[in-house]
Each structure stands twice: as structure tokens, then as C-alpha cells.
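Colleague: please work out how this folds:
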Amino acid sequence: QVQLVESGGGLVQAGGSLRLSCAASGIILGVETMAWYRQAPGNQRELVARMTEGGAINYVDAVKGRFTISRDNAKNMVFLQMKSLKPEDTAVYYCKFEEVEVGAGVDAMDFWGKGTLVTVSS
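Modeller: Predicted coordinates for the structure are as follows:
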């Protein structure tokens, strides 16, 4: 069974930086898309950034120019470098692996981590 564990969250002042990491355990043959989502209190979970195996990257407009997603396919990890943080970035951040190949003859599946809290103080 594949499990994702996020790390790197915490409390930071506005204008500061954090780097989130997401590590996967279990048998993984390939991951089509690695992504970061976030959910602020009272809000729906939203996509922050996603990166395909081929290198295509998308960001939500609110983080463009401030956040950078990257991935290490050999280690099955995804990262989110966050700079110039704002109080409105406060949320629980989740990583998601989409279309994960776990074995021959097994349909690709999606997996979520349990989240890491990022709090940005003003």
C-alpha cells in the first residue's frame, strides 16, 4: 500500500519561506502527476501546483511567482518551495500522487497524504 507523508510545515511570518516535502512509501512503478493542494479553514480544498512526469507545471494564480514545485522521480518525492508567504497562504497543505502505477495488471490509483499545517502570521 502506498502512503504519502508531508513534512516542512510550520509557523512563519509574512514574507518568509518554507519548503514542503512529500515522501512516498510502498511499491511505486511510476507517478504521472504529483501535486500540492491546500485547504484553509472554512474553504474547499484547492489545487496549488501540479507537475506531470513529463515536466508540465501548473500553478494557481495566487501563488505564481512565489511557489515552485519540483519532483524527484527516483525517490518518489515532491517538493513545494514557498517564498514571500502571505497570511492568506495559511492552510493545511496536502500532496497528491495521481495515476500511480503499483504493479502489472493493476489499475493506476491516486493517493493523498494527511497534510501538513502552514500558518503565516501577519
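Colleague: and the most far-flung residue of the chain relative to its centre, its phi and psi?
Modeller: Going by CA atoms, centre = their mean, the residue of the chain most distant from its centre is residue 105, 27.6 Å out. The phi/psi pair for residue 105 (degrees, to the nearest 10) reads phi 80, psi 0.
Colleague: and it, what's its pLDDT?
Modeller: Residue 105 is assigned a pLDDT of 87 by the prediction.
Colleague: tell me how far it lies from residue 93.
Modeller: When CB to CB, to the nearest Å is applied, the distance between residue 105 and residue 93 equals 34 Å. Quick note: C-beta positions are derived from backbone N, CA and C, even for glycine.
Colleague: likewise for residue 34?
Modeller: 13 Å.
Colleague: of those two, who's got more company?
Modeller: residue 34 (28 against 23; other CB atoms under 10 Å).
Colleague: name the element the closest residue to that one other than its chain neighbours belongs to?
Modeller: Distances taken as CB to CB, 6 or more residues apart in numbering put residue 78 closest to residue 34, at 3.8 Å, once the chain neighbours are dropped. Here residue 78 is covered by strand 77-82, with elements defined by DSSP states H and E.
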